[in-house]
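**Q** I need the structure of the sequence given here:
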Amino acid sequence: MDAPIDQPVIGSRRVSNLVVAILVSIGGVGFLLTSASSYLGTDLLPVGHPADLLWVPQGLVMGAYGLGAILLSSYLWIVIAIDVGAGRNRFDRSADTITIERRGFRQLITFTLPCSDVQAVKVEVRDGLNPRRRLALRLRGRRDLPLTRVGEPMALAELEQSGAELARYLGVPLEGV
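**A** This is a model prediction of the structure:
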């Protein structure tokens with residue numbers, strides 16, 4: 001029998017998410033320090049003169065922006081720490097099962113189905129303003145089941161290669177190429 005195929009899926013621990021979390025955190029601290037400088041009348045930041053701002057309304061608004069940014073960055077850091085969306089796709093013809101696992105906020109989400117429910121492996125490529133490149137399983141009597149990660153689109157050659165390999169392994173046609 002063929003060996004099972006195990007495909008790891010990258011979650012939220014990506015460089016782009018880390019960069020955004022760092023920038024939002026720095027911005028939030030900057031806004032809060034600007035607000036505090038305005039309230040206290042002393043410059044707490046090495047750049048500019050935030051102590052010259054009026055507490056009402058500029059200092060209050062800067063504090064609100066800072067608080068919002070800190071809350072948003074806290075959410076981003078929690079999502080990165082938990083690694084939401086990470087998991088694996090496991091295809092095992094000898095056991096006639098396909099297992100899809102993803103990490104959620106509170107629990108591991110597992111979905112198992114028989115290989116015989118798969119009609120085809122679908123490659124979807126859409127370019128433009130909001131590009132989409134994804135690999136999905138076309139199932140009998142159900143919606144398509146996406147297999148690729150959300151966010152950064154895969155290279156076209158990698159997507160086609162992965163789709164062809166999976167279709168060959170499952171013995172189903174490859175659609176959309």
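**Q** can I see the domain layout of the chain?
**A** 15-82, 85-175 (automatic domain parsing).
**Q** right, so of those, which gets closest to Asp6?
**A** domain 85-175 (5.3 Å; CB to CB). Where you see a C-beta, it was placed from the backbone N, CA and C, and this is true even at glycine.
**Q** How far does that closest one stretch from one end to the other?
**A** Counting by CA to CA, to the nearest Å, the length from the leading to the trailing residue of domain 85-175 is 26 Å.
**Q** Redo the domains of the chain as CSV? Include mean neighbour count and distance to Gln7.
**A** Formatted as CSV, the entries for the domains of the chain read as follows, by neighbours: other CB atoms under 10 Å; distance: least, CB to CB, whole Å:
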stretch, mean neighbour count, distance to Gln7
domain 15-82, 15, 21
domain 85-175, 15, 4
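**Q** any chance of those domains in TSV, plus distance to Ala3 and mean pLDDT?
**A** As requested, the domains of the chain are exported to TSV (distance: least, CB to CB, whole Å; pLDDT from 0 to 100):
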stretch	distance to Ala3	mean pLDDT
domain 15-82	31	96
domain 85-175	9	90
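**Q** Next, the contact list for the residue of the chain most remote from its centre, please.
**A** Relative to the average C-alpha location in the chain, and by CA atoms, centre = their mean, no residue lies farther out than Gly41, which sits at 41.9 Å. Contacts were defined as CB atoms under 8 Å, 6 or more residues apart in numbering; by that measure Gly41 touches Ala51.
**Q** Would you mind pulling up the elements that the lengthiest helix in the chain packs against?
**A** For the chain, the helix that runs over the most residues, judged by DSSP state H, is helix 15-40. The helices and strands touching helix 15-40, judged by 3 or more CB pairs under 8 Å, 6 or more residues apart in numbering; DSSP states H and E, are helix 60-82.
**Q** Kindly export stretch 30-37 (C-alpha atoms) in CSV.
**A** Output in CSV follows, covering the C-alpha atoms of stretch 30-37 (Å, rounded to 0.1, in the frame of the first residue of the first chain):
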residue,chain,number,x,y,z
GLY,A,30,3.7,55.9,21.3
PHE,A,31,0.1,57.2,21.4
LEU,A,32,-0.2,56.4,25.1
LEU,A,33,3.1,58.1,25.9
THR,A,34,2.0,61.1,23.8
SER,A,35,-1.3,61.3,25.8
ALA,A,36,0.6,60.9,29.1
SER,A,37,3.1,63.7,28.0
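**Q** Outside of that stretch itself, list whatever touches it.
**A** Stretch 30-37 is contacted from outside by 43-45, 50-51, 53, 59-60, 62-63, 65-67, 69-70, using CB under 8 Å, 6+ apart.
**Q** Strands of the chain, residue ranges please.
**A** Listed from the start of the chain, the chain has strands (DSSP state E) covering 5-9, 87-92, 97-103, 108-114, 118-126, 132-139, 145-146, 174-175.
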